[in-house]
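1. Using only what follows, build the 3D model:
(one chain, ligands or ions: 2)
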Amino acid sequence: MGTFKKLKMYYWPYKKYFILSMSFLILITAITVVYPMILQLTIDDVVLQKKYSWIPYLSIGFVFIMAIKGVATFINQYMGDLFGIFSVYKLRNSLYEKLQFLPFKYYDNAKTGDLMSRLTADVEGVRFFLSYGFTELLRFIILIIISVIVMCYYSVPLTVVTLITLPFLAIVVYKFDKAVHPAFRGIRKSFGRLNTNVQENISGINTVKSLSRENFQTDKFNDSNGDYKVQNLSTSFIWAKYFPLMEFLGNISVVVLLGFGGYLVIKGSMHPGELVAFYSLVWYIIWPIVNLGFVINMFSQAKASGERLLEVLEADNMIEDQSLPIYEEKVIGEVEFKNVTLRYEQDAKDALYDISFKAMPGQVIGLIGSTGAGKTSITQLMTRFYEPSDGEVLIDGKKVSDYSIRALRRSIGFVLQESFLFSTTIKENISYGRPEATMDEIIDAAKRAQAHEFILELPDGYDTVLGERGMGLSGGQKQRIAIARAICVNPSIIILDDATSAVDMETELEIQKALTEVMKGRTTFIIAHRISSLKHADEIIVLEDGRIKERGVHEYLIKNNGLYQRIYEIQFKDYQTVLSSITG
Ligand code: M5T
Ligand code: MG
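-> Ligands and ions are numbered 1, 2, ... in the order given. Reported below is the predicted structural model:
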């Protein structure tokens, strides 16, 4: 029950629906037990004593009770549904919100498809149990209690004898529960894997097709689909094995009832009508116990789902706003690293080691180094996407951890190698970081990002919806929209992480023009592989294996006999070769 206790805050606010549903459930159950009693009355007092004048009254009374039961069933079901639907609405919102605020570190290990299946199938599992499972469980308990009371009222010895086999039935049901819970957890897990597979395949369809790996993907899908099938089959086997056994044990009670009950009637210590009523009542006990399997099944599924939801809800936010002090204001743009070390995982090697530098507001810092050297990692620390393992990151002389995350992210703009655009209008994509931006501001940002012209040529201009009706953009166009998006926020610090490496030389020139505009008056970090992109920087930091190897201005570094000089020579020589091959 721990899982449901932890989830209480989501469903308990709607307890009024639950309580209403339950109250009418008690009424319905009580009426159910009245059926066999009416039967007993009809046989013993009407038929056997030939009191025919009672029949109309009994019939009308019966119809009346049925009508009450109808209304009660409606309220019970509808309120039960409301309880489930409202609770799950709240739960789903909380999950989504949680996902928004989880740090990158969480997503490093999470799989999209799996998260999607948690947000859909698992949430549904919990809803189903809240709406029906809870009710069923209580109904069974109430039905059993009332039935036993009525049976004892008719005959205590017969009750005891009839119920003698039921503990065995209960043991089988218990064993069933033990077997079925892990099986259902397996199903849910397997479904998460299946989803991941599909999602990755669809997101990566370009890669799949360009490397013609369709067959490989299909096989991979077959594997997870096969695993899902096996999981389902084994659950189904458990189900099929236990169900007939439970029914068989139930029927033994009926045999005992008919034997001993028949004897009591013949002996005259029991009325025939009472025996008939007993027969119905005993099923009111066996049926819930057998079906307890079904409810337990539902409960197990919901519990497994609930656990998976709690895993998300209880995931560590890791990076949170400090309680005090908090700076909300926008920064001016001085960035300082003091002996910063960063390790992504506890026992991984240092991604950065003992990094120190200082950038004054408005300065341009170039970061260069081979792939995996730690360039991106440096920038991730400024926005607190990750926390340094050691050392301090300061902005305007204050620790980044003392800023609110919001203020920080509003002060720092990013243009990455590949920019993600949402499938909405260009206008909204540009103003994504500052939804309150006016149309003039959006157009101004686009103009400065050299994007205005091509946007006007699109079918609906700024209202063109991306990703629809084949509305794609070229890499360079996307990049310029991303730059406009960064400008729109008007950040004090801007990070250009390989912003031009994915496009051709000509587009790069255009983007470079846009970037020069972006850099004006902002502290800028340029990460690039091409020296031409960062040779005008106020300081260039050369990284290798997470450490600073060299630093200084271009003119100094090219004569320093170090890594930078080597890179420069390679790129410069290349250029010379190309040049001489053209000029012949
Ligand atoms: C530096 C590791 C990576 C590498 C080192 C971003 C990131 C990096 N790493 C992680 O373990 N998890 C992460 O989320 O850290 O990586 P980098 O800073 O990304 O290097 P880079 O930006 O200089 O490389 P590139 O290829 O972008 O030029 O060991 O495994
Ligand atoms: Mg990088």
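2. gap between the closest residue to residue 489 other than its chain neighbours and residue 496?
-> Taking Cβ to Cβ, 6 or more residues apart in numbering as the measure, residue 489 lies nearest to residue 433, with 4.0 Å between them; neighbours along the chain are not counted. All C-beta spots, glycine's among them, are computed from the backbone N, C-alpha and C. Distance, residue 433 to residue 496, by Cβ to Cβ, to the nearest Å: 16 Å.
3. what about the strands in the stretch 251-400 of the chain?
-> 335-342, 352-359, 364-369, 390-395, 398-399 (DSSP state E, counting those that start in this stretch).
4. could you redo the ones you listed as a markdown table and give each row distance to ligand 1 and mean neighbour count?
-> Below are the strands of the stretch 251-400 of the chain laid out as a markdown table (distance: least, Cβ to the nearest ligand atom, whole Å; neighbours: other Cβ atoms under 10 Å):
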| stretch | distance to ligand 1 | mean neighbour count |
| --- | --- | --- |
| strand 335-342 | 8 | 19 |
| strand 352-359 | 7 | 18 |
| strand 364-369 | 6 | 24 |
| strand 390-395 | 15 | 18 |
| strand 398-399 | 21 | 14 |
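5. could those go into TSV alongside mean pLDDT?
-> Formatted as TSV, the strands of the stretch 251-400 of the chain follow (pLDDT from 0 to 100):
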stretch	mean pLDDT
strand 335-342	92
strand 352-359	91
strand 364-369	91
strand 390-395	91
strand 398-399	88
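6. wait, which of the ones you listed is closest to residue 533?
-> Closest to residue 533 of the strands of the stretch 251-400 of the chain, according to Cβ to Cβ: strand 364-369, at 7.8 Å.
7. Tell me the strands beside the closest one, with direction?
-> Strand pairing for strand 364-369, determined by DSSP bridges: strand 523-527 (parallel), strand 539-544 (parallel).
8. most neighbours per residue, which of the ones you listed?
-> Each of the strands paired with strand 364-369 was assessed for mean neighbour count using mean count of other Cβ atoms under 10 Å. The highest is strand 523-527, with a mean of 26.
9. Strand 335-342 and that one, what's the angle between them?
-> Strand 523-527 and strand 335-342 meet at an angle of 40 degrees, taking axes from the mean of the first three to the mean of the last three Cα atoms, to 10 degrees as the criterion.
10. quick one on the thing from earlier: show the pLDDT at the residue nearest to residue 489.
-> On the pLDDT scale, residue 433 is placed at 85.
11. got it, and residue 28?
-> In the predicted model, residue 28 carries a pLDDT score of 92.
12. swap in residue 57?
-> Here, the pLDDT recorded for residue 57 equals 88.
13. pretty sure it belongs to a helix, no?
-> Yes. When classified by DSSP: H, G, I helix; E, B strand; the rest coil, residue 57 is found to be part of a helix.
14. quick one: it and residue 41, what's the gap?
-> To residue 41, residue 57 is 11 Å away according to Cβ to Cβ.
15. Please say which of these two ends up with more neighbours.
-> Between residue 57 and residue 41, counting by other Cβ atoms under 10 Å, residue 41 is the more crowded of the two (17 against 10).
16. Return the residues in contact with the more buried one.
-> With contacts defined as Cβ atoms under 8 Å, 6 or more residues apart in numbering, the neighbours of residue 41 are 58, 273.
17. Can you list the low-confidence ranges for the protein?
-> Within the chain, the ranges that satisfy pLDDT under 70 run 1, 318-325, 468-471, 501-503, 574-576, 578-579, 582-584.
18. Tell me where the stretch 101-250 of the chain has helices.
-> Counting by DSSP state H, counting those that start in this stretch, the stretch 101-250 of the chain forms helices over residues 104-109, 112-117, 123-128, 134-154, 156-162, 166-203, 205-210, 214-267, given from the N-terminal end onward.
19. Ok, which of these comes nearest ligand 1?
-> Between ligand 1 and these, the shortest separation by Cβ to the nearest ligand atom is 5.8 Å, and it involves helix 104-109.
20. Can you name the residues of this structure sitting close to ligand 1?
-> Where proximity means Cβ under 6 Å from any ligand atom, the interface of the chain facing ligand 1 comprises 108, 344, 351, 369, 371, 372, 373, 374, 375, 376, 377.
21. Between which two of the residues you listed is the distance greatest?
-> The largest distance within the residues of the chain next to ligand 1, taken as Cβ to Cβ, falls between 108 and 369 and amounts to 21.8 Å.
22. Save the strands paired with strand 364-369 as a markdown table, and put in distance to residue 80 too.
-> Formatted as a markdown table, the entries for those read as follows, by distance: least, Cβ to Cβ, whole Å:
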| stretch | distance to residue 80 |
| --- | --- |
| strand 523-527 | 57 |
| strand 539-544 | 61 |
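23. For the closest residue to residue 271 other than its chain neighbours, which residues are in contact?
-> Setting aside the residues directly before and after it, residue 271 is nearest to residue 44 in space (Cβ to Cβ, 6+ apart), at 4.5 Å. Residues near residue 44 by Cβ under 8 Å, 6+ apart: 271, 272, 273, 274.
24. State the number of residues packed around the third one.
-> The local packing count at residue 273 equals 22, with neighbours defined by other Cβ under 10 Å.
25. Do I have it right that it meets residue 42?
-> Yes. Counting by Cβ atoms under 8 Å, residue 273 touches residue 42, with 7.2 Å between them.
26. dump the residue contacts of the residue of the stretch 201-350 of the chain with the smallest separation from ligand 1.
-> Residue nearest to ligand 1 within the stretch 201-350 of the chain (Cβ to the nearest ligand atom): residue 344, separated by 3.7 Å. Each residue near residue 344 by Cβ under 8 Å, 6+ apart is listed here: 105, 108, 351, 386.
27. Neighbour-wise, which one of these leads?
-> For the contacts of residue 344, counting by other Cβ under 10 Å, the largest number of neighbours falls to residue 351: 21 neighbours.
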